[in-house]
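Enquirer: this one's structure only:
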């Protein structure tokens, strides 16, 4: 057992935690994705919200996402300690005590949910509470450790932020919010399996039943292609919804074409190919997945801005 894992298991930090260590507990990258999609849901919703209330609502969604990240790190301290890409996180690195991460996560969760309820409405607050609970408890404690369906079923939490944003603005959940949820839900398996395909040994060491571990790389590539294909109708349904339009459709078509092409390139790859070749295809799919998601949601805002910009 390493010194870092020993500190983790006893709950003692080897050095005084810095402010940046607590920020790292909140998983800023994951938080930024939640904030971005929640903001899009709020902006494109067919209801005007005071700018200060809108900004506050997005802030509390961000705090809720950060709280979920801190709780996830509290749960995953043992897994993070043995995975190469996560062993530098604050808890396994001995910078932050487990109990401090738990306290931060619980405190921010309560603050975020209550303040979102007071700022926007209790439907949005309830959805935020469900998101935190699903990610920290259902996904982190159960799905991630017990089933290779963790990536699919766990996608519920990652797909809810735009619905929260929509609910904050409208006080309801409409078809368009459901379409945004569907796009995010269908996108996540291919995104995460592309990552898993080139960090497979990490999941083996940690004993996480990712698809690459339980069913092998060939089946993971096949499933990644299937879910990439399932993303396409979700994308087109959003483009044809009330928040879509010609611009959204014009962007969606080439985005989906490249998305499918990159997923197909990973699927057809031969395991006999060199690791360098494998990583090129899989990393390309992973990188494109980020472009795909950002463009798919950013264009919704651009489409919403067209009538005002053109005086329609």
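Expert: That came in fine, so what should we check first? Keep in mind the model is a prediction, meaning the values are calculated, not measured.

Enquirer: could you list the low-confidence segments of the stretch 151-300 of the chain?
Expert: Along the stretch 151-300 of the chain, the model assigns pLDDT under 70 to residues 200, 270-278.

Enquirer: in this protein, which residue is most central in space?
Expert: A centroid search over the chain (C-alpha atoms, centre = their mean) returns residue 158, at 4.3 Å, as the residue closest to the centre.

Enquirer: from residue 38, how far out is that one?
Expert: 12 Å (C-beta to C-beta, to the nearest Å). (Glycine included, C-beta is placed from N, CA and C.)

Enquirer: before we move on, what about residue 292?
Expert: The gap separating residue 292 from residue 38 is 18 Å, by C-beta to C-beta.

Enquirer: which one of those two is surrounded by more residues?
Expert: More neighbours surround residue 38 than the other of residue 292 and residue 38, with 29 against 24 (other C-beta atoms under 10 Å).

Enquirer: the more buried one is in contact with residue 167, isn't it?
Expert: No: in this structure, residue 38 is not within contact of residue 167 by C-beta atoms under 8 Å, at 9.9 Å.

Enquirer: ignoring the adjacent residues along the chain, who's closest to residue 147?
Expert: Closest residue in space to residue 147, ignoring its immediate chain neighbours: residue 209 at 6.2 Å, by C-beta to C-beta, 6 or more residues apart in numbering.

Enquirer: what is the burial count for that neighbour?
Expert: Neighbourhood size, residue 209 [other C-beta under 10 Å]: 17.

Enquirer: do the same with residue 267
Expert: The tally of other residues near residue 267 (other C-beta under 10 Å) stands at 18.

Enquirer: separation between the closest residue in space to residue 267 that isn't next to it in sequence and residue 281?
Expert: Leaving out its chain neighbours, the residue that sits closest to residue 267 by C-beta to C-beta, 6+ apart is residue 225, at 4.2 Å. As judged by C-beta to C-beta, residue 225 and residue 281 stand 12 Å apart.

Enquirer: same question for residue 266.
Expert: On the measure of C-beta to C-beta, residue 266 and residue 281 end up 5 Å apart.

Enquirer: tell me which of those two has more neighbours.
Expert: Neighbours per residue (other C-beta under 10 Å) separate residue 266 from residue 281, with residue 266 holding more: 25 against 22.

Enquirer: so after the helix or strand hosting the more buried one, what's the next helix or strand?
Expert: Taking DSSP states H and E as the definition, one finds residue 266 inside helix 246-267. Using DSSP H and E, the helix or strand that follows helix 246-267 in sequence is helix 275-310.

Enquirer: could I get the buried residue list for that following helix?
Expert: Applying a neighbour-count criterion of 16 or more other C-beta atoms under 10 Å, one finds 278, 281-282, 284-286, 288-289, 292-293, 296-297, 299-300, 303-304 buried in helix 275-310.

Enquirer: rewinding a little: which ones are touching the residue nearest to residue 267?
Expert: By C-beta atoms under 8 Å, 6 or more residues apart in numbering, the contact set of residue 225 is 190, 263, 264, 266, 267.

Enquirer: and the residues you listed, which two are the farthest apart?
Expert: Greatest spatial distance among those (C-beta to C-beta): 190 and 264, at 11.4 Å.

Enquirer: which of those two has more neighbours?
Expert: residue 190 (28 against 17).

Enquirer: which of the helices or strands spans the more buried one?
Expert: Using DSSP H and E, residue 190 sits in helix 175-198.

Enquirer: what packs against that helix?
Expert: Helix 175-198 sits against helix 28-44, helix 150-153, helix 155-159, helix 161-170, helix 211-214, helix 216-239, helix 246-267, helix 275-310, with contacts defined as 3 or more C-beta pairs under 8 Å, 6 or more residues apart in numbering; DSSP states H and E.

Enquirer: wait, which of those helices is closest to residue 141?
Expert: For the helices and strands packed on helix 175-198, the distance to residue 141 is smallest for helix 150-153, at 11.1 Å, taking C-beta to C-beta.

Enquirer: who's in contact with the closest one?
Expert: For helix 150-153, the surrounding residues in contact (C-beta under 8 Å, 6+ apart) are 139, 143-144, 147, 188-189, 192-193, 196, 208-211, 227.

Enquirer: farthest-apart pair in the residues you listed, please.
Expert: Spatial extent of the contacts of helix 150-153 (C-beta to C-beta) is set by the pair 208 and 227 at 18.9 Å.

Enquirer: quick revisit: which helices and strands sit right next to the following helix or strand past the helix holding residue 190?
Expert: Per DSSP H and E, helix 175-198 leads on to helix 200-206 as the next helix or strand towards the C-terminus. Where contact means 3+ C-beta pairs under 8 Å, 6+ apart, helix 200-206 is packed against helix 77-82, helix 211-214.
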